[in-house]
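Novice: curious how this folds, go ahead:
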Amino acid sequence: MTARALLVRGLLVGLLAGFATFLVAHQVGEPHVETAIALEEAGAAAEPEHEAATDGHTHEEEGTTVSRHDQRTWGLLTGSLVVGTALGGIVALLAAAAVGRLGRMTPGQSTATVALIGFVSFALVPFLKYPATPPAVGNGETIGDRTSWYFAFMLVSLAFAALSTLLAVRVSDNSGAYAGVLSGIGLYVVAMVVTGQLMPTVNEIGDFPADVLWYFRRASLITMTTMWAVIAIGLTGLIGRLYRAETARTERRELAASL
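Specialist: You can find the predicted model right below:
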């Protein structure tokens with residue numbers, strides 16, 4: 001049960017999660033990206049030529065050097081594998097640090113808890129406040145501010161998730177698991193609701209079709225959940241199996257020493 005053993009398993013599971021995420025993103029998410037791009041191109045084609053000229057450049061000049069085919073295949077696969085592998089390693093290291101520190105949980109149970117907390121605080125809650133937007137949505141002049149707000153909200157979410165976990169463990173030691181879990185969840189929910197009300201709200205949808213936006217965001221959430229689910233299920237299973245093997249080995253040694 002060393003950190004190295006857990007890290008190796010986390011990297012392997014993360015690699016698998018990245019591949020699964022690519023398949024889901026390619027089949028579920030990319031069709032809606034294509035629809036959004038088509039809407040953006042149709043809107044650009046409908047603009048008067050003199051308005052386009054005032055910008056000093058045309059859409060052809062803004063063309064990317066990477067084709068859409070490469071973006072939605074090799075580019076998407078590479079990005080998914082890199083993010084999945086890195087995320088799997090991070091979750092594994094956090095799971096290693098949590099072993100024996102979350103009450104009476106076994107290593108497998110604590111790993112599942114770490115993955116759940118990570119998904120909620122790192123992915124789900126920031127997504128609910130600042131959801132993903134497809135091409136043609138959002139003002140290009142505010143992209144820097146929107147990115148800063150998103151990462152600031154995510155950092156606050158992670159900080160309160162850590163504080164809530166510490167509170168839950170402390171209360172559990174004194175008043176039981178039920179009170180500990182309730183207090184931790186209560187602190188996180190209240191803190192994030194207040195933070196969400198204080199943080200700026202982004203509303204730059206314009207006349208973009210609501211159904212396309214909904215399908216895109218739903219696909220983004222499904223893709224994100226796929227990565228976290230594969231990491232959580234795979235890593236929990238591997239660490240639980242490793243723990244059982246280590247326990248059985250220790251019991252055999254103790255039995256042999258007692259003979």
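
Novice: which element is the closest residue to residue 15 other than its chain neighbours on?
Specialist: With CB to CB, 6 or more residues apart in numbering as the criterion, residue 15 has its nearest non-adjacent residue at 5.0 Å, and that residue is residue 85. To be clear about C-beta, it is placed using only N, CA and C from the backbone, and glycine gets the same treatment. Residue 85 belongs to helix 76-98 when assigned by DSSP states H and E.

Novice: run the chain-centre distance for the helix or strand following that helix.
Specialist: Next in sequence after helix 76-98, counting helices and strands by DSSP H and E, comes helix 107-118. Averaging C-alpha coordinates over helix 107-118 and over its chain gives two centres that are 15 Å apart (CA atoms, centre = their mean, to the nearest Å).

Novice: what does helix 107-118 rub up against?
Specialist: When contacts are taken as CB atoms under 8 Å, 6 or more residues apart in numbering, the neighbours of helix 107-118 outside the stretch itself are 1, 91, 94-95, 98-102, 105, 161, 165, 228, 231-232, 235-237, 239-240, 242-243.

Novice: if we can go back for a sec, dump the residue contacts of the residue nearest to residue 15.
Specialist: Neighbour list for residue 85: 11, 14-15, 18 [criterion: CB under 8 Å, 6+ apart].

Novice: so residue 126 versus residue 162, what's the distance?
Specialist: Between residue 126 and residue 162 the distance, using CB to CB, to the nearest Å, works out to 15 Å.

Novice: quick one: which of those two has more around it?
Specialist: For the pair residue 126 and residue 162, the greater number of neighbours falls to residue 126 (23 against 13), based on other CB atoms under 10 Å.

Novice: do I have it right that that one meets residue 153?
Specialist: Yes: at 5.4 Å, residue 126 and residue 153 qualify as touching, with contact defined as CB atoms under 8 Å.

Novice: assign the residue nearest the centre of the chain to helix, strand or coil.
Specialist: Residue closest to the average C-alpha location in the chain (CA atoms, centre = their mean): residue 123, at 3.7 Å. Remark: residue 123 carries the secondary structure label helix [criterion: DSSP: H, G, I helix; E, B strand; the rest coil].

Novice: hang on, the earlier thing: could I have the buried ones of the contacts of helix 107-118 as PyMOL selection syntax?
Specialist: One line in PyMOL is enough to select the buried ones among the contacts of helix 107-118; burial here means 16 or more other CB atoms under 10 Å:
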select buried, resi 91+94+95+98+99+102+105+161+165+228+231+232+235+236+239+240+242+243
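
Novice: still on that earlier bit, so which of the contacts of residue 85 sit within helices?
Specialist: In this view, those that belong to helices under DSSP state H are 11, 14-15, 18.

Novice: of the residues you listed - the most surrounded one?
Specialist: residue 14 (28 neighbours).

Novice: for that one, what are its contacts?
Specialist: With contacts defined as CB under 8 Å, 6+ apart, the neighbours of residue 14 are 84-89, 91, 231.

Novice: any idea how far it is from residue 190?
Specialist: Following CB to CB, the distance that separates residue 14 from residue 190 is 32 Å.

Novice: next, residue 132: secondary structure please.
Specialist: In terms of secondary structure, residue 132 is coil; the call rests on three-state DSSP.

Novice: next, the angle from the helix of greatest length in the chain to helix 76-98.
Specialist: When the chain is scanned for its longest helix (criterion: DSSP H), the result is helix 210-258. When axes from the mean of the first three to the mean of the last three CA atoms, to 10 degrees is applied, the directions of helix 210-258 and helix 76-98 differ by 40 degrees.

Novice: average model confidence for helix 210-258?
Specialist: Helix 210-258 shows a mean pLDDT of 88.

Novice: and if you look at stretch 160-178?
Specialist: Taken as a whole, stretch 160-178 carries a mean pLDDT of 91.

Novice: what lies in contact with it?
Specialist: With CB under 8 Å, 6+ apart, stretch 160-178 has contacts from 101-103, 117, 120-121, 179-181, 183-185, 187-188, 191-192, 195.
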